[in-house]
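>>> how does the following fold in three dimensions:
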Amino acid sequence: MGENIKNTIDTIYDRRSVRKYANKQINPDLVQEILRAGMFAPSGMNKQPWHFIVFDKKETIEKVKSMHPYASSLSSAPVCIMVCGDTELEMAEGFYQVDCSAAIENMLLAANALGLDTCWMGIYPWKEVMENFSKTFELPENIKPFALVSLGYAETKQERPKRYNETKIHYNKW
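Sure, this is the predicted structure:
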C-alpha cells in the first residue's frame, strides 16, 4: 500500500468527534484550507449548493452554542463553521442535504489531516432550530442552515475504536 493511501486511510480511521478543546487558537490559513476541502466535495450535477459561515469570535460562538441543544463542544472551540444549503442551487429537492454532507465529511477529514479536531452537529431537520438560526443570522430564504462543525485542538486524544462489523455487509442480496 502506497504511503499516500496509508495516510488517507489512517486519517479516516483516526478522526473522532471531539467535544473539549485545548485553549489554543487556529491559524486562519488552516481554516481556509478546510473550507477549500469542503468545496472540493462532489455534488449533484456539480451544483455546489453550499455556503459557509465562519464564527471565530467567542461571543458569537457562545450565541451559536445557546441555540443548539447538543453544542456543548462550542464552549471551548475557537472556531465554528455553519454549513448551509442553497435550495436554488441544489440539483433537485432534497439534494443540498446530501451535497452538504459530502462537503462536511471532506472538511472533517481535512481538519484531521491538518492536526485539528472537529465535531459535526446537525441542524437539519429540526425545523424550530433551523428557523432560529435563519432568523438570528439573517439568512436569505433560499439558504438553509444544515450543520455546525466545531474546530480546535483536542484537549485529550482519543484512541481509534474498533468499528468494522462484517454483519453489516451483504453481497448481492440481503
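>>> so where do the helices sit in the chain?
3-14, 28-39, 58-67, 95-113, 127-136 (DSSP state H).
>>> contacts only, for residue 34.
Residue 34 makes contact with 81, 107, 110, 111, 114, 116, 151, according to C-beta atoms under 8 Å, 6 or more residues apart in numbering. In this view, the C-beta of every residue, glycine as well, is placed from N, C-alpha and C.
>>> partner residues bridging the last one?
In this structure, residue 151 has beta-bridge partners residue 79, residue 118, where bridges are defined by DSSP bridges.
>>> that one is in contact with residue 77, isn't it?
Yes. If you go by C-beta atoms under 8 Å, residue 151 and residue 77 touch, sitting 6.3 Å apart.
>>> ok, residue 7 to residue 13 distance?
Remark: distance between residue 7 and residue 13 (C-beta to C-beta, to the nearest Å) = 11 Å.
>>> any shared contact partners between the two?
What both residue 7 and residue 13 touch, as defined by C-beta under 8 Å, 6+ apart, is an empty set.
>>> below-threshold pLDDT in the chain: ranges please.
Applying pLDDT under 70 to the chain flags residues 1-6.
>>> try 50
1 (pLDDT under 50).
>>> now residue 143: closest residue in space, sequence neighbours ignored.
residue 84 (4.9 Å; C-beta to C-beta, 6 or more residues apart in numbering).
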